[in-house]
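Q: Sequence first, predicted coordinates after that:
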Amino acid sequence: MQIYKVGGAVRDRLLGRPVTETDWVVVGAHAEELLARGFRPVGADFPVFLHPETGEEYALARTERKSGRGYGGFVFHASPEVTLEEDLIRRDLTVNAMAEDADGRIIDPYGGQRDLADRLLRHVSPAFAEDPLRVLRVARFAARYAPLGFRVADETLALMRELAASGELAALTAERVWKETERALLEPRPDLFVQVLRDCGALRALLPEVDALFGVPQTASHHPEVDSGVHVLMVLRQCAEHAQPLAVRWACLLHDLGKGLTDPRHWPRHIAHEQRGLPLIEAVNARCKAPRECAELALLVGEYHTHAHRALELRAQTLAELFQHFDLYRRPERFEQFLAACEMDARGRLGFEQRAYPQADYLRAAAAVARGVAVQPLLAQGFKGAELGEALKRARLAALKVFREERRAKAP
């Protein structure tokens, strides 16, 4: 029995990056030998075991053969005769197909170290094209390692185009697509995840609503970058630079979908794109099985982001209604995420990246005024039940009118 460290742990150590988890491959062993040592089996489709002390994954060396469509369409064969090189060649990228022995020696049969030096994400073998999930994985790695200068190799991008054109992406489950998308959106360059998917034709298959934004012009005075799709990429870049959470990044990805439905005769204006985009956002949320927090924020940002941009013009009644829509009084943190998404939207424009966004502080102050209206005086006046709710609404509206007048009076 020989045990090797494999995959990301080897790659990231060679790159000088923190290693967050370690995987191992076991060559020359039967499953019974690992069970006898106290390892716990976890793999239903192929033999993977958890170490009894560290909990790290140990997999028997295996080969695989394409047997059907999609990520799960493979037959695996694990036996003591499978070599380390045979196990490594089934992996996606050369930089992930290296192993390290107990003495720290690197086993690199497919040029992973060379590609690390050349900053290339390159497939190991033509079998890469048998697994559609690898399209998303490569795009995710591009989003992760772009700050180090990595790019997708031309020949690998060509295979990704073949995969996208084959229809195999349709066989991926929503859960697998969401898992890769979630991880990619949280990488340092989520915009490149989207860009790589678009470059290989996969964005049209997976997120056609986002793909439809590219080539759609906007008014240059408000959007010097002009292209609606480019704007979304720039907004995602801002999300990463400001360390926004997943829900904000997902909302920013979908916030302008309505612009893809604008009649070209009306370009570059997009009147009522907020409302037109809501059915599309709902469809993407459902198809991707986005978590509730992400789905709800995406819809709210899609519908109300232009309210935030015009915050200083909003009437007190509109502010009060906005706060009701966000359930501000029970969920203030969601309103704060909304403000973050709107600020990223405003900054995600050519030349606007460093510009201040006073609308956010204005809306925070207005929200604090509304939330600060005390209920006790209304109870003391005898209000209760539905009447109390209406009285509270009137009191909050009155407070917002005072707030708005005071701010207007102070304006230069």
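A: It's in.
Q: What ranges does the stretch 1-150 of the chain have for its helices?
A: Using DSSP state H, counting those that start in this stretch, the helices of the stretch 1-150 of the chain run over residues 8-15, 31-36, 84-89, 112-118, 133-145.
Q: which other helices and strands contact whichever helix in the chain runs longest?
A: Taking DSSP state H as the assignment, the helix of the chain that covers the most residues is helix 385-410. Taking 3 or more C-beta pairs under 8 Å, 6 or more residues apart in numbering; DSSP states H and E as the contact definition, the neighbouring helices and strands of helix 385-410 are helix 316-325, helix 358-371, helix 376-380. Using the backbone N, CA and C atoms, a C-beta is placed for each residue, glycine as well.
Q: per the record, what domains does the chain have?
A: Using automatic domain parsing, the domain parsing of the chain gives 1-111, 372-410.
Q: Least reliable of the ones you listed by average pLDDT, please.
A: Mean pLDDT across the domains of the chain is lowest at domain 1-111; the value there is a mean of 87.
Q: Endpoint to endpoint, that domain covers what distance?
A: Domain 1-111 has an end-to-end distance of 25 Å (C-alpha to C-alpha, to the nearest Å).
Q: Quick check: pLDDT value at the spatially closest residue to residue 364 that is not a sequence neighbour.
A: With C-beta to C-beta, 6 or more residues apart in numbering as the criterion, residue 364 has its nearest non-adjacent residue at 6.8 Å, and that residue is residue 339. For residue 339, the model assigns a pLDDT of 98.
Q: possible to save the helices and strands packed on helix 385-410 as TSV with mean neighbour count and distance to residue 114?
A: Rendered in TSV, the data for the helices and strands packed on helix 385-410 read as follows (neighbours: other C-beta atoms under 10 Å; distance: least, C-beta to C-beta, whole Å):
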stretch	mean neighbour count	distance to residue 114
helix 316-325	18	55
helix 358-371	17	48
helix 376-380	11	72
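Q: can you redo these as a markdown table with distance to residue 130?
A: Shown next, in a markdown table, are these (distance: least, C-beta to C-beta, whole Å):
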| stretch | distance to residue 130 |
| --- | --- |
| helix 316-325 | 47 |
| helix 358-371 | 48 |
| helix 376-380 | 67 |
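Q: taking the helices of the stretch 1-150 of the chain together, which one is wrapped up most tightly?
A: Using mean count of other C-beta atoms under 10 Å, the stretch among the helices of the stretch 1-150 of the chain with the largest mean neighbour count is helix 133-145, at a mean of 24.
Q: what's the angle from that one to helix 8-15?
A: Between the direction of helix 133-145 and that of helix 8-15, the angle (axes from the mean of the first three to the mean of the last three C-alpha atoms, to 10 degrees) works out to 30 degrees.
Q: quick one, what contacts the closest residue in space to residue 403 that isn't next to it in sequence?
A: Nearest non-adjacent residue to residue 403, counting by C-beta to C-beta, 6+ apart: residue 369, 4.6 Å away. Taking C-beta atoms under 8 Å, 6 or more residues apart in numbering as the contact definition, residue 369 lies against 399, 400, 403.
Q: Is the last one in contact with residue 365, as I believe?
A: If I follow you right, that is residue 403. Yes - counting by C-beta atoms under 8 Å, residue 403 sits close enough to residue 365 to count as a contact (7.2 Å).
Q: Much appreciated, bye for now.
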